[in-house]
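>>> sharing a model that was predicted from the sequence below.
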Amino acid sequence: MRSWPSWSTTWSRPPAATEARPLNITPKLYRRVTLIALASLVLIVFTGSAVRLTASGLGCPDWPQCYGQTIPPLQINAVIEYGNRILTGFVGLAVIAASLLAFFRRPFRWHLAVIGGLLPIGVLAQAALGALIVGHHLPPELVMGHFLLSMILLDAAFALAWLARWEPGERRRSPDRLGVWAVRGLIPLGQLTVLMGTFTTGAGPHPGDHDGDLVQRIDFKGADTLAWLVERHAASAVLLLIGCASVWALLRFRAGADRRAERPVLIATGLVATQIALGITQWLAHLPAGLVWLHICLATTIWLCILWTVARAGLLEPRPTNPV
């Protein structure tokens, strides 16, 4: 019998639409993103210091607009303050990119995603704190907190950039326990020096006032507050210098030392010595704003160099286990 075509004949399907390719970020590209985020956070510290030292802290008395306008008036203090706010927007984009792209990096590494997620949170906290500072006319404790939060953000951004540079297990661990712990001991010394520097700046002649606005200063010892803080800040800087030089000598001349951190700790020693000389110069010159700004920028650079030193020293090898 003649067979008729079946109604169930399978018809060919039209070509499927091209599916969107998943976003895959290479380690090299992601490393560049983290470096941009780190550089932007360093830059915002520099410009934020310039805002204060040029007496532009209240150049825009309201927030987020400036004198109720989207575009600030053509006044130097208003332009400096508003420019710093615009840069904050770029910083926000950079850290958001570093945070989100961590989830698309291949291979995925969960600790990069965790550290990257801290950056946008920190920037949002900085923006909120900045609004409080303007709204309360630059109270020194909030201004100090603003700078210290910037240092914490730099810690996270540096850690992210450093970890993104290496794959797990790519760097050997260090057997030099004395050397690694000596390098790590520079962290509290550096933190103490930065903390004393923020107190000193808060008592200094550059509180960030604008057009005679009443701005508080730290004055728990009256007229002697600044000199008292300067002495202790200088002592902490000398202690940091001794610590850096001692760690360098330990790594350089001790037999069996792991010398990976020798070069960064030597650079840190030179930077701290330069900072002390700059501090003496600015004190003798009665704290001109330009030298104070250089002092703050150099302090930020020193802190990054200490972080670099600790990172170069690396992780320790696990202790050998005694057989039972």
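Ah, there it is.

>>> buried sites along the helix or strand in which Ile280 is found?
Element membership of Ile280 [criterion: DSSP states H and E] is helix 262-284. For helix 262-284, the neighbour count (16 or more other CB atoms under 10 Å) marks 262, 264-269, 271-272, 275, 278-279, 282 as buried. Where C-beta positions appear, they are placed from N, C-alpha and C, glycine not excepted.

>>> and which of the residues you listed is nearest Cys244?
Distance to Cys244 across these (CB to CB) is lowest for Thr269, with 4.1 Å.

>>> list the contacts for that closest one?
241, 244-245, 248 (CB atoms under 8 Å, 6 or more residues apart in numbering).

>>> excluding its backbone neighbours, what's nearest it?
The spatial neighbour of Thr269 that comes closest, neighbours along the chain excluded (CB to CB, 6 or more residues apart in numbering), is Cys244 at 4.1 Å.

>>> what about that neighbour, distance to Glu231?
21 Å (CB to CB, to the nearest Å).

>>> returning to what we had before: after the helix holding Ile280 comes which helix or strand?
Following helix 262-284 toward the C-terminus (DSSP H and E): helix 289-313.

>>> tell me which residues of that next one come out buried.
For helix 289-313, the neighbour count (16+ other CB under 10 Å) marks 289, 291-296, 298-313 as buried.

>>> that older thread, and of the buried residues of helix 262-284, the nearest to Thr70?
Gln282 (37.5 Å).

>>> just the pLDDT for the nearest residue to the closest one once chain neighbours are set aside.
Distances taken as CB to CB, 6+ apart place Leu291 nearest to Gln282, at 3.9 Å, with adjacent residues excluded. On the pLDDT scale, Leu291 is placed at 92.

>>> which ones are touching Leu291?
The contact partners of Leu291, by CB under 8 Å, 6+ apart, come to 278, 281-282, 285.

>>> phi, psi of Cys66?
When read as degrees, to the nearest 10, the backbone of Cys66 gives phi -130, psi 110.

>>> my read is that it contacts Glu81, right?
Yes. Contact between Cys66 and Glu81 holds when scored by CB atoms under 8 Å: they sit 7.2 Å apart.

>>> between these two, what contacts are shared?
Common contacts of Cys66 and Glu81 (CB under 8 Å, 6+ apart): 59-60, 72.
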